[in-house]
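# Sequence and computational prediction follow.
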Amino acid sequence: MKWWLFFASITFSLCGCDTLEKNYNSFYEIPSSDGIKSWLPDFFPENSIDIKFKSNLDLNSFSVYFSIPEYETRSIFLESKNASSDGFIFMKKQDGDINIVMCANSNYNLFKEKNHMYFLIGFINKSKQYYLINITDKQYDDFC
């Protein structure tokens, strides 16, 4: 009985160890050595504010909410394309308030390291926020 209890407590304590949540008031508050910059694409706006970052190392995935000034809105969608209806539905399941969904890709992260990834970017009109997630190659084929 004691072994079962010991095993259960170890298992429970290890659950969720590979998830990370961080909040920053602005992009410039993110320490230059912070690992979240290795997840974020090179097109991530440096004038972002209200940044809420979540990652799951087990799933090799992340999501980030952020806001940018209105004049910057076009630049984030400059090299993106409309998501399919399946992509829109997928993002609505992530956040029901999303109004627009775009597909994007990047060859580099914010450290300027080679790191090709695909993304979905949602815009939430009600809160004037963006929601960025990384997606797999297959999801990109299906949603974009």
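Structure received. In this text, all values refer to a predicted model and were calculated from it rather than measured experimentally. Residues are numbered from 1 along each chain as shown.
# can you give me the helices in the protein?
2-14, 36-39, 73-76, 85-94, 137-143 (DSSP state H).
# how about the nearest residue to Ser106, chain neighbours excluded?
Nearest in space to Ser106, with sequence neighbours left out and distances taken as CB to CB, 6 or more residues apart in numbering, is Pro41 at 3.4 Å. (Glycine included, C-beta is placed from N, CA and C.)
# wait, doesn't that neighbour sit right on Ala104?
Yes: under the criterion of CB atoms under 8 Å, Pro41 makes contact with Ala104 at 7.3 Å.
# Can you pull the residues that touch both of the two?
The contact sets of Pro41 and Ala104 overlap at Phe119 (CB atoms under 8 Å, 6 or more residues apart in numbering).
# got the phi/psi numbers for Ser33?
The phi/psi pair for Ser33 (degrees, to the nearest 10) reads phi -90, psi 0.
# residues near it, how many?
7 (other CB atoms under 10 Å).
# Next: Glu113.
If we define neighbours as other CB under 10 Å, then Glu113 has 11 of them.
# can you pull the contacts of the residue nearest to it when sequence neighbours are not counted?
Residue nearest to Glu113 in three dimensions, not counting chain neighbours: Ser38, with 6.9 Å by CB to CB, 6+ apart. Applying CB under 8 Å, 6+ apart to Ser38 gives the contacts Asn109, Leu110, Phe111, Glu113, Asn115.
# The third one is in contact with Lys37, isn't it?
Which is Phe111. Yes: between Phe111 and Lys37 there is a contact under CB under 8 Å: 5.6 Å.
# Those two - which one has more neighbours?
Lys37 (17 against 13).
# which residues touch the spatially most central residue of the chain?
Among the residues of the chain, the one closest to the centroid is Ser63, at 2.4 Å (CA atoms, centre = their mean). Ser63 sits next to Phe53, Lys54, Ser55, Gln94, Tyr131, Leu132, Ile133 when contact means CB under 8 Å, 6+ apart.
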